Structure formats: structure tokens, C-alpha cells
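In: Below are the sequence and a predicted model for it; my questions follow.
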Amino acid sequence: MNDVAKALRGFVADVGPGVALSLEACVHCGQCAEACQFYVQTGDPRYTPIHKVELFKQSYDREIGPFAFAYKFFGLAPKLTAETLLEWQDLVYDSCNMCGRCSLICPMGIDIAELVERTRHGMFEAGLAPADFLGALAEKERATGSPFGLTSENFGTLLHEIGEKHGVAMRVDEVRADIVPTISSIDVKTYPGSMAAIAKILNHVGESWSFRTDGFDADNVSLTAGDRAGQDAITKSIVNAAIGCEAKILVMPECGHSYTEMRWEAANSFGRDLPFRVLQITELMAEMIQSGKLRVKKVTQTATYHDACQVSRRGGATAAPRVIMQALGVELRELEDAGAENWCCGGGGGVALIKRAQPLRDKAFALKQKQIEAAGAATVYTSCSGCRQTLEHGGKAAGWKVTVASLLELVADNLAP
Amino acid sequence: MKQYDFLGDDLVVNALLMEVADLLGGLIEQGRGGSIDLLGLPLSAKCMAAVEARLGDGEVSASLHVSGESVVRETAFAGVWWTRHADEAGRVTALLIEVAEVPEILRASLVDVRAGQLRLREMVAR
Amino acid sequence: MRDETVGDMLGRRGFSRRGLLKFAIAMTSSLALPPSLAPVMAANLAAARRQSVIWLSFQECTGCLETLLRTDSPTIAGLIFDFISLDYQESLMAAAGSAAELTLRQAVAANAGKYLLAIDGSIPVADGGVYSLTGGRTNVSMLQEFAPGAAAILAIGTCAAYGGIPKAFPNPTGAVGVEDVILDKPIVNIPGCPPIPEVLSGVLVYFVSFGRLPDLDDQKRPLAYFGTTIHDQCYRKPFYDQGKFAKSFDDEGARQGWCLFELGCKGPTTHNACASLKWNDGTSFPIESGHGCLGCSEPDFWDQEGGFYTSLAGGTGPGWRNAGIAAATGVALGAAAAIAARRKVP
Amino acid sequence: MLLSFARGPGMQVAALIMVVGMFWRLAGILLLRRRAAHAAARNPFGARLLGGAVTVFTRTIPRRTFWPRVAPGVALSYVFHVGLFIILFGGAPHILIIHEIFGVSWPDLPKGVIVVASGLTLAALIALLVRRLTHPVLQLLSTADDFLSWLIVFLPVATGILLSGETVGGYGTLLALHILSVEALMIWLPFGKLMHVALVFAGRGVLGYNFARKGAAT
């Protein structure tokens, strides 16, 4: 089966009524472009969100749409070719964070971000996920369960090293644990402190918890690369790990797409309700603060907060970080368009892992930078390591004075007895 | 024809009176005036009455009794005549503004004159 | 008598030239001709020979003839019969049978090439035209025999013009109008069921005065009388413009004389002079007496979509049952497409 | 002749094709294999339905933050859509047809309002075409369907205006052309972009329901 056929198979993989409706409803009004940071910052019409899924739409029309026979017989939509697939590669990957801002403006109610995610299925099957980093990382993840090839044992020893380094008792592979936290692969390399922070907090509130080395990396690079099989495999390993120790709560780390995958997709690909709740780390902390289980000290500080698109706009967990910051006594200066309408940091959806997408990322970051500086706060907190890393890199390049910090670590550093 | 009430009756009336003035010009320069067939124009009753009032009355008013009643009336402007023909049932068959020294209808036709002469002679001969 | 001019004949009957001029003035106004033509028309009429008219009645109801004769008072229009010599008319002439036949032959021979052939009633052509015979001869053969010698043909009434009611579905007799049989003669259609008398006299006077038919529209109807629609001339048009419509035949709107558009009036699509010339010597016309126009002067008026009481705006949809079947068909096709699609998904 | 075809067989065929087409397309969409959603919903079923229903209306107006960038396009589009609805549901002849088909009727708007609305609608349509031909994003996105659908909406509006003014060609011909152009629209509707007359409500409803399920802003 050549690449084009594979791409077709990928495109039509699981098109249900909802996706079909989205593919049929577009009236080419062009409003989605006005919501997309890559079009807004570059003015290049190719970055119009709905245009990014054109190949997916054409394949749908020709293969499984209601008038598929007519489209094919009369050639009403062009046949998929290797050239067009390649031509669309940078549109489907480099220039789309799947942040869903376009899905908020579309007057026809089309979830364009969802369509891009499904378009990537076809692209990946045709081997067109950008090799330098994203593609390679996805392959490594499918092979070893972690994009950086971290095996279970290495992860176990790493946890204990971090525990000793930060003076925190690490619980690993406990037979039974109510709360099972997971990590983002970025933390392993760049922000080990956040792993210590989770342990510190959970020890502090005295919950029975444990990392599971048989299912720990929730980042799911496969999802952003479009590798449905890899995505399901990673998710299954984490879910089984949590089931293995009869967890009540599976905690997603400071990360965007892990939440979308585990909270809203895992059960569907699993085919049945999950026997445990899935919470993003900010949701867990907010819940524990509101229940009085977790008390924090006051930090007199003004700061602003960058919402991770997948957690806030796509995931509906905008309130949790506010609860936490209020408890911490942070004077929060909200960004313009904070919460559901926020501009994406430009690094999400695997774009941060595409080398050649750097110029595009910088343009998106410039928009974010202007917003954060307009908020006039010295620090910007976020609950996604991807955003954190993107903002830091962008800030460094732009000689930025604003410090980027993790809300999780702020809580861990200000626990009250 | 549509009723042009909304056009403002005075606009229509003035236009008609201008045309009558032009026809008078023709009568003066070439000796040939002309007629305006009011029934053929989309005039409202109000408009028709306004034209008639504006033209006013003159010194001559003739009524004819031939296949119904007809009235030929000189208006306040010499040479401008207001003619109304009706049939035996009293229905208006023609309504004209005629610009002429004398409307043709008033003139006795030579054919009728010859016939009249014959009858006169016969009457006298008896 | 034959070569006497109309003028002489009128003179003999004590009808003055002034009377003739008044008649001409009335006719030029009715024919929407410039008033200056009246004296010319009067002079031509006076000098003209009486125009021979051969009237053949085919598949008709005599309604057209009735309307021309049924004038309660001898109006000017009635004078028309003084300008023409109606040499053959089965209903009016005293002669009958072979005597009538002889008269017809003589008239045709005497006025070859000059007589006007007036037809009322449609011409059945099915089964060789056997459905309407006069003296054992089919109407279509008579028409074909007498048409060549005519100067022009007057198709009087919707039947003669377009086939009229006999042509209504299913048209068993294969009724057609004159223009469907005779293709090479000047024909003037004077539709209407029945037509307005003044229209016929206008056409005849024009022909007698100027020796040719008046200007005709694309359906060969005199423009002077059929140039505009009833709707354009209708005195209720202001109500139409203001959107004031009667909803039923005796509701408040109807009593106020509002527009009858919603009750199926076909005025907007019917060309005729009813709204201006009116009927029964100017008494009124259908709309003025509270009923919508039926469109009787238009071809196939009897088979109009939706009937006389469906408004022009409406129409006849497919009906709910058919719509249901269509919906089911649609779902079936959609299901087929969806099943085919499911098979393609691994 | 043309008019009786348009009002009779033409109307019936067009209506049937439209019904078949619409059900065909909707069935083709809705009968695809659906994967059950097992993720724990953040809102109960009622709230999700409400979320879906509300989105059908809220998505009519873009969120305030988008206004500066989409105002011209949206404004023009609404002048057209609102104008068209005023003509359609305010015009006396249209209400008459609706009454004949569905039996319901309501008072019509004064003719002046309809004339102004149709003028604006026509102007907006032309402006939208110019915009589609000149705006770089729209140039890239536009397909034959967009232009054919534009024309097929433009013709009824144009012939409708000519008809209401009873300008050229006489009432009968204009009415026939108007009805025929509407029938062309009915025939094309299910197969092209005009299907959004149904898909827009389904699309917004499904998105609203799914986003409400996640507690996400709709």
C-alpha cells in the first residue's frame, strides 16, 4: 500500500457523524483565519485553519461522504497525491498548535482543531510527520513508552535521585495508591523540580499515592504526531498502571495535550468508562484547597497567568488555577483574552518539537509577549511545561525580563502545615 | 397606465399646460395646433379636474346632439377648446383638449351642406 | 347597392358627416391612436366600400356572437355593422341549408381576396376533424377552403384564438386555434371568453379605415387593447401596492374593495382591456363585481396551475405524501452511502 | 406557459429533489459509525443539551474579542441574511405561499420596508461577491460551489426585485423567472454550500453539546 493509500486510510480511520458534519458544514467564510495566531501574525492565507484540513475534506468527500460516488465519478474533488500531501505537511504540523481558537469563532460550529488532529492521522500513516524531532520522538515513544526512551527502571532510579536531591520521599510502584500522578517528558529533561513538587504536595496532604513506572509519561507525543496506534498504546499503559494499583484519581501533569487525551479521549478509545477520575494537577490542587485538605501560605506577589489551551479552552478547567492563586494570595493581573479566548503560546500541539517551525513559533510568541508585557506583571505562571518552555525560550531570545514559573512548584514551595 | 397620483398633481398639470402652450405656438406659426387625448393619459380624477379648472371658461360653449351628447367649450385661452363626447348611453367616448381656431367637429361638412341644400330646395319647391 | 360607399349609405340613413367624425374620434381614442388621425379615419370610412365579412362558426357556444349583439342600447360600437357587410353568419342569416351554402359561395366569389374571414369557436382536428361538421363538412376543411381568399382572418374569442375551453385537458376533440391550422395568412386574435365588443369594432374600424390590421403583440393580439394587463389598469391596484388583500370573498377586506390577489385573481398575468373598457356597456368588470379575473383571454386559462382560486404566488407542491416518499428515498440513499463508507473504515 | 410550468410541475420536481437531497446528505452524515463517548462528562445530560441549544444562537454573533478582525465580513453577511429573512418572512406573497403550504400566516411588513430590505440585500450580496474575489483568504478558499451558490441566491433576489417593481417584461414573465430561479435554488441546495441552512444548526448544536460536555466555553 503506497503512502497515498495509507494516508487515505488514516483520513477515514474514524470519521463519525460529528466529524462528518464539520467537514460538510464549511461555507468558506474565512473567519477562522482571523482567530489563528499564525495567520494573524503572518498574513499568509495558507495558514487559514480550514484550509489546513482541505486534503482531509477532499478525501472524505471522495471516499465516505454521502455523495462519494459522484465526487469520484465526476472528479468533483481532486485525487489525493503524494505531492499535495507533502505540500500540506507544514500547514498541518508546523503552523497549527491545535489550540482550538478557530473552533471558537467558526459560525458553522466546526471544531477545526479536532479536524486537524484527524488530518494528522492520515499524514502520519503516509510517514509525513516532520522527522526532525516530532516524528523521531513519536517513533521512540511508540517503541519505549517515552519520547526520550526512558525505560521503566531508568524512570524509577531517576525518581529516587530527584527525591534525594530535593529531600522528598518518592513513592514508586506502590501496590495500592489512591492517587497516581504522571509526568511530562519535558519535566524529565528541563523541569525535574516539578516531579519533586508533586511528591512534596501529596506527602504533605498525607494521601496514599504512587508514581507508576509501568505507565508514567502522559505527554503522548504520538497524539500530536498523529500516530493513533502509538497514542492508544501509551494511554492504555497509563490506564492499566492506574487500574493495577486501584487508583481513585489519575493526575495529569503540568501539560496540555495529556489532559485532552486522558481526560476526554482515553475512555472512548478504551471503549468503557474509566474506573477512576482523571484530573489535571491544577484541578487536584484546587479541589484539595477547597476541601481544606491542602493549605498554603500567602505570597504577596503580583503575577499574570497563561492558560494552557488544552486545559482551559479545550478542557474546561479554567477555574482551577484561579482558585489556587487566590488561596496563595497572588494579585492576579489577567491577560487580555485570558481563559477560553487566550492566544496560544505557539509551542503547543507538537509545534515546539519541530525544528523548522522556529520562525513561525517566534511570530506567535511575539503576540503572547505583547500580551504578557501589557499585563505589567514581573512573573507569568503557567501549568503546562510545554508553554513554560516555549515562553522561556521566546523570552530568552527576546531579552525578556518577565520570569516564567510553574504554579505547581509555587504551591509546593508555599505549603502551610 | 398607472395612476401617477404620487407624482404630485401640479407637476402633471403644469406639464400638460406647457404642451397646450406649445400647440398654440404651432397654431400661431404654422396654422396647425393639435389635440391631447385626455382619456389616453394616466390622469387621476383630481388631476383632470385641476387641468379643467386651470384652463377656465371662455366666450363659446357649444353642445352637439349627434349619436349622444357632446360639448365643445372654449377655455379662457382663445384657440384652446375643452371637448367632451358621450354616446347615447351617456358614456364618455372621448375627452380632448383641442388647439385650433375652431374644432373640426363644429365645422359643417360640405357633404352635409350639399345634402342640406338639396333638402332646402325640395322644401321650398313644395 | 354593392358599390355604394359607406358615406353614401350613412347619408341615405340621415347620418351626418359630423356624426361620422364623432365616431372616428371615439374610435381613435379607443384604439389609442393620435387624435389627429380622427379626420383621416372619418374620410377613409366615408370613402370606403362596405367591407365584406364572412363569419364561420366552428366548435363554439355562440357566446362570442351574443356579446357582440347584446348591447341594450345602440351605442356607437353598434354602428360597426353599418361599415361592414356581414355576408354570411349561420345564426343571424335567414337562409339555411343549401340556400345558405349558396350565399356563402356567392359572397366568397364576389369578394375573392378582399373579404374578412371571422371565425368563432375552436377547430377540432382529432380523427380528421369529425367532431364538428357544418353541412357534413369538417370545420378544418372549411377553414382551409375559405382562408386563402381572405384579406385577413379574425379569430374571435379564446376558442378561435387558442383553442379555449374545448382545448382544456384532456381535449378529446383535438381542438386548436385558427393560427394552428392557417400559417400563411395575417391573423388577428381577439381572445376573451367572450371577447369585449368594443375590441372587435376597434379592429374592424381600423381595418376598414387603414386597410390593414392594427399593431399586434407576439400572440397576434391588437396592442391597443392587449398591450397591458388587467392588473396594470385595475382600479384596485393601489390596494395591491399597499399590501391590502381580501382573504375571503365576503370578509372585511372584500367589502372594502381590497385586492383579490390572494383569492386567485389572474389579473397580473392576463392581457385584456376589461379594466378600462369594462363590460356590459361600461357597467363593470369581474374584479369590480368582487371576483378575481379568471385570465380568460390567455391560452390554456382553463388548465391553469392550481385552478382559479389559487393565488399566482402559490402553486401546487408535490403534496405531503410524495414529500414523505422523497424523504424516505433520501434516507435510503444516505444509508447506502453510510454503509459503503463504514465498509471502507478499517 | 413558462409560468404554469414554473408554478406546477417545476415546483413539484424541485421540491422533491430538495427533499431527497437533504435527507440523503443528512442520513449520509448521521448514519456513519459513531464511537460512544465514555469520558466522564463534566455536566449532566440536560446541561449538555442546553449548551448545544444555546450555542445555536450564541454562535450567531462572534465573541467580542474577534470583532475588530471579522466585523466587515460578518456585518455584510448579516445585512444580507437579515435582509433576505425580512423579504422572505415579511413579504406578502411569501407569507401567502407559506400559508398555502403550512396553513400558518402572519401580518406582512409594509411594502416600503421590503423594498429597502431588498435593496440592502442585493447590495450586500454584490459586496460579498467582491469581497470573495478580492480578500486573499477567500480567494484561496473559494471553490466553484461558492460562486454557483452565490449566483443561485442572487437570481431570486434580483428577479424578486424586478418583479415587485413590475419593471421589464410584464408580471407573468417576471414571476415565472422568479419562481424558476427559486426552483433552481431548491434543486441545488442539498448538494452545495446552501445546505448550511440545515448544517449550521446541527453543527453548532453538536459542538455546543460536546464542548458543554467538557465544560469548555462554547
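Out: Everything's here; your move.
In: Residues in contact with stretch A:361-374: which ones?
Out: Residues outside stretch A:361-374 that contact it (Cβ atoms under 8 Å, 6 or more residues apart in numbering or on different chains): A:37-38, A:40-42, A:97, A:304, A:306, A:335-337, A:343-347, A:351-352, A:380, A:390-391, A:394-395, A:397-398, A:400, A:402. Where you see a C-beta, it was placed from the backbone N, CA and C, and this is true even at glycine.
In: And stretch C:44-60, what's buried?
Out: Neighbour counts using 16 or more other Cβ atoms under 10 Å in any protein chain shown place C:44-46, C:48-60 of stretch C:44-60 among the buried residues.
In: as a whole number, average confidence for that stretch?
Out: Average pLDDT, stretch C:44-60: 88.
In: And for stretch A:378-396?
Out: 93.
In: what's the lengthiest helix in chain B packed up against?
Out: Counting residues, the longest helix found in chain B (DSSP state H) is helix B:9-30. For helix B:9-30, the elements it packs on are strand B:34-37, helix B:45-55, strand B:92-99, judged by 3 or more Cβ pairs under 8 Å, 6 or more residues apart in numbering or on different chains; DSSP states H and E.
In: on that earlier part again, the contacts of stretch A:361-374, buried ones only, as a PyMOL selection?
Out: Typed into PyMOL, the next command selects the buried ones out of the contacts of stretch A:361-374 (criterion: 16+ other Cβ under 10 Å):
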select buried, chain A and resi 37+38+40+41+42+97+304+306+335+337+343+344+345+346+347+351+352+380+390+391+394+395+400+402
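In: Among the contacts of stretch A:361-374, which lie within helices?
Out: Among the contacts of stretch A:361-374, the residues falling in helices (DSSP H) are A:37-38, A:40-42, A:390-391, A:394-395, A:397.
In: The nearest residue to C:F169 once chain neighbours are set aside: how many residues sit nearby?
Out: Leaving aside its chain neighbours, C:F169 sits nearest to C:D303 (5.1 Å; criterion: Cβ to Cβ, 6 or more residues apart in numbering or on different chains). Applying the criterion other Cβ atoms under 10 Å in any protein chain shown, we find 15 residues in the vicinity of C:D303.
In: contacting residues for C:D303?
Out: Taking Cβ under 8 Å, 6+ apart as the definition, contacts of C:D303 comprise C:168-169, D:4.
In: If you rank those by neighbours, which is first?
Out: D:S4 (21 neighbours).
In: Tell me who's in contact with that residue.
Out: Contacts of D:S4 were listed using Cβ under 8 Å, 6+ apart, and they are C:300, C:303-305.
In: C:W302 versus that one, what's the distance?
Out: Applying Cβ to Cβ, to the nearest Å, one obtains 11 Å for the distance of D:S4 from C:W302.
In: residue boundaries of the strands in the stretch 51-200 of chain A?
Out: A:179-181 (DSSP state E, counting those that start in this stretch).
In: Correction: the previous question concerned the stretch 1-150 of chain C.
Out: Assigned strands in the stretch 1-150 of chain C, in chain order: C:51-57, C:84-89, C:115-120, C:123-124, C:133-134, C:137-138, C:150-156 (criterion: DSSP E, counting those that start in this stretch).
In: and the closest residue to chain B within chain D, how many neighbours?
Out: When distances are taken as Cβ to the nearest Cβ, chain D approaches chain B most closely through D:E166, which lies 9.0 Å from it. D:E166 is flanked by 19 other residues according to other Cβ under 10 Å.
In: Next: C:L102.
Out: Using other Cβ under 10 Å as the criterion, C:L102 is surrounded by 11 other residues.
In: now do D:K111
Out: A total of 16 residues lie near D:K111 under the criterion other Cβ under 10 Å.
In: distance of the closest residue to it other than its chain neighbours from chain B?
Out: Taking Cβ to Cβ, 6+ apart, and ignoring the residues beside it in sequence, D:K111 has C:G243 as its nearest neighbour in space, at 5.6 Å. As defined by Cβ to the nearest Cβ, to the nearest Å, C:G243 lies at a distance of 16 Å from chain B.
In: same thing with C:A118?
Out: Computed with Cβ to the nearest Cβ, the distance linking C:A118 and chain B is 24 Å.
In: Am I right that that residue is in contact with C:W55?
Out: Yes. Here C:A118 reaches C:W55: they are 4.4 Å apart, a contact under Cβ atoms under 8 Å.
In: ok, back up a step: could you point out which of the strands of the stretch 1-150 of chain C sits nearest chain A?
Out: strand C:123-124 (49.0 Å).
In: re earlier: hang on, the residue of chain D closest to chain B packs against D:G172?
Out: No. With contact defined as Cβ under 8 Å, D:E166 does not count as touching D:G172 (10.5 Å).
In: sorry, back to before: check the burial of the closest residue to the residue of chain D closest to chain B other than its chain neighbours by counting its neighbours.
Out: For D:E166, ignoring the flanking residues on the chain, the nearest one in space by Cβ to Cβ, 6+ apart is D:L174 at 7.2 Å. Counted with other Cβ under 10 Å, the burial measure for D:L174 works out to 22 neighbours.
In: OK, contacts around D:L174?
Out: D:L174 sits next to D:159, D:162-163, D:166-168 when contact means Cβ under 8 Å, 6+ apart.
In: hang on, the earlier thing: for A:L202, state which of the contacts of C:D303 is nearest.
Out: Sorting the contacts of C:D303 by distance to A:L202 puts D:S4 at the head of the list, at 81.8 Å, by Cβ to Cβ.
In: Count the residues that sit near the residue in the stretch 301-417 of chain A positioned nearest to chain C.
Out: Residue nearest to chain C within the stretch 301-417 of chain A (Cβ to the nearest Cβ): A:G350, separated by 24.1 Å. Other residues within reach of A:G350, judged by other Cβ under 10 Å, total 30.
In: What of C:D127?
Out: Taking other Cβ under 10 Å as the neighbour definition, C:D127 ends up with a count of 11.
In: excluding its backbone neighbours, what's nearest it?
Out: Counting by Cβ to Cβ, 6+ apart, the residue nearest C:D127 is C:G174, at 7.4 Å.
In: Let me know whether the one you found touches C:S122 as I believe.
Out: No. Distance between C:G174 and C:S122: 9.4 Å, which falls outside the contact criterion (Cβ under 8 Å).
In: The two - which one has more neighbours?
Out: Between C:G174 and C:S122, counted using other Cβ under 10 Å, C:S122 has the larger neighbour count: 31 against 18.
In: What confidence value was assigned to the more buried one?
Out: For C:S122, pLDDT reads 94.
In: now, the most widely separated pair of the buried residues of stretch C:44-60?
Out: The distance between the two most remote of the buried residues of stretch C:44-60 (Cβ to Cβ) is 38.6 Å, for C:A46 and C:Q59.
In: quick revisit: pLDDT value on the residue nearest to D:E166, please?
Out: Turning to D:L174, the model gives it a pLDDT of 90.
In: so what are the domain limits for chain A?
Out: If the domains of chain A are taken from automatic domain parsing, they occupy A:3-125, A:134-287, A:294-412, with pieces of a single domain joined by a plus sign.
In: quick revisit: of the contacts of C:D303, which belong to helices?
Out: D:S4.
In: Redo the contacts of C:D303 as JSON lines? Include distance to A:A13 and pLDDT.
Out: Formatted as JSON lines, the entries for the contacts of C:D303 read as follows, by distance: Cβ to Cβ, whole Å; pLDDT from 0 to 100:
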{"residue": "C:A168", "distance to A:A13": "63", "pLDDT": "93"}
{"residue": "C:F169", "distance to A:A13": "58", "pLDDT": "91"}
{"residue": "D:S4", "distance to A:A13": "53", "pLDDT": "81"}
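In: Which one of the contacts of C:D303 is nearest to A:A233?
Out: For the contacts of C:D303, the nearest to A:A233 is D:S4 (67.7 Å; Cβ to Cβ).
In: Just give the closest residue to the spatially most central residue of chain B, not the sequence neighbours.
Out: Of all residues in chain B, the one closest to the mean position by Cα atoms, centre = their mean is B:T83, 2.6 Å from it. In this structure, B:T83 finds its nearest non-sequential neighbour in B:L96, 4.5 Å apart by Cβ to Cβ, 6+ apart.
In: Show the contacting residues for that neighbour.
Out: The neighbours of B:L96, taking Cβ under 8 Å, 6+ apart as the test, are B:35-38, B:81-83, C:25, C:35.
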